[in-house]
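Peer 1: Mind folding the following:
(chains A, B, C and D)
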2 protein chains.
Amino acid sequence: MGASKIDGFTPAQLHLAEYAHALGHPARIAILQFLAQRRRCLCGDIVNGLPLSQATISQHLKALRQAGLIKGHSDGPSVHYSIDEKIWNRARHALGNLFLHCTPAETQETSAVVVQSQD
Amino acid sequence: MGASKIDGFTPAQLHLAEYAHALGHPARIAILQFLAQRRRCLCGDIVNGLPLSQATISQHLKALRQAGLIKGHSDGPSVHYSIDEKIWNRARHALGNLFLHCTPAETQETSAVVVQSQD
DNA sequence: CTGATAAATCGTATTATTACGATCTAACCA
DNA sequence: TGGTTAGATCGTAATAATACGATTTATCAG
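Peer 2: Got it, this is the predicted structure:
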């Protein structure tokens, strides 16, 4: 179909898939890395930094916003974007748990640590 | 377009997006958790365990296989699927690095640990 | 060889995604 | 008020993804 079946999956599985889906495009990865480097930056900075049009960047920003991973703060005519730490950490823990529970025993120790911080 | 622009992104960004994309569907999350529980299981077990048709499951298995996250081993008419530890750990480290470099300082300590194991 | 079973693949309908030019909106300055 | 700038949204074209019935392929049992 193109539309995913939702019923039959747990909320945790749906959230995890939602976070991973938001990360599932190189432009959105690049945007997040861009935001991480500058800690906070204008939409226009991202447009200048990536090989995509302003409209496309805006669309990717919307996708990241809808997943909750970033937030925008209007400042006059421009918008400062930044990573939303709360949801970002939720995604981090959700993915950490996935790797914790799906990674074979021999290599589990290190991925286990990632879910310890409960901030 | 529907087709993503590839040029202008680093191989690391492309790989990361590819792994995340493979994880970006609840059925594929569920399949991986299923494989993790049983350590190795038949395709038919997954079909029985999820609310999707055999054809759809097979399609999701193909997506996970193409991303390298799982591998299949024929056993007679049936196929045993299991997580591919090598690529799985690559994905784990790639995502760990993303969270390491994109997570604000106050909460970085724990996610840093996830990339220490170099198996 | 025949039949049965497991899984992949085909065909196809539906919806989602990606990309970009063009336009709209909001905030600012003169 | 009029012009400028930043960013979002619209419209649209092309392609990917999702789902499933039907069919094919491969393997084993008899």
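Peer 1: from what I can see A:Gln13 touches B:Ile29, true?
Peer 2: Yes. At 4.8 Å, A:Gln13 counts as touching B:Ile29 under the criterion of C-beta atoms under 8 Å. In short, each C-beta sits where N, CA and C put it, glycine included.
Peer 1: And these two? Which one has more around it.
Peer 2: B:Ile29 (24 against 20; other C-beta atoms under 10 Å in any protein chain shown).
Peer 1: Mind checking if the helix of greatest length in chain A is in reach of chain B?
Peer 2: Counting residues, the longest helix found in chain A (DSSP state H) is helix A:85-102. Yes. Against chain B, helix A:85-102 shows contacts by C-beta under 8 Å from any C-beta of the partner chain at A:85, A:88-89, A:92, A:95-96, A:98-99, A:101-102.
Peer 1: what would the residues you listed look like in JSON lines with pLDDT?
Peer 2: What follows is those, written out as JSON lines (pLDDT from 0 to 100):
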{"residue": "A:Glu85", "pLDDT": "95"}
{"residue": "A:Trp88", "pLDDT": "97"}
{"residue": "A:Asn89", "pLDDT": "96"}
{"residue": "A:Arg92", "pLDDT": "96"}
{"residue": "A:Leu95", "pLDDT": "97"}
{"residue": "A:Gly96", "pLDDT": "95"}
{"residue": "A:Leu98", "pLDDT": "96"}
{"residue": "A:Phe99", "pLDDT": "94"}
{"residue": "A:His101", "pLDDT": "86"}
{"residue": "A:Cys102", "pLDDT": "84"}
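Peer 1: are any of these buried, and which?
Peer 2: A:88-89, A:92, A:95-96, A:98-99, A:102 (16 or more other C-beta atoms under 10 Å in any protein chain shown).
Peer 1: and of those residues, the nearest to DNA strand C?
Peer 2: Ranked by distance to DNA strand C (C-beta to the nearest atom of the strand), those are led by A:Leu95 at 18.3 Å.
Peer 1: ok, the closest one touching B:Ala94?
Peer 2: No. Look at A:Leu95 against B:Ala94 with C-beta under 8 Å: they stay out of range, at 11.1 Å.
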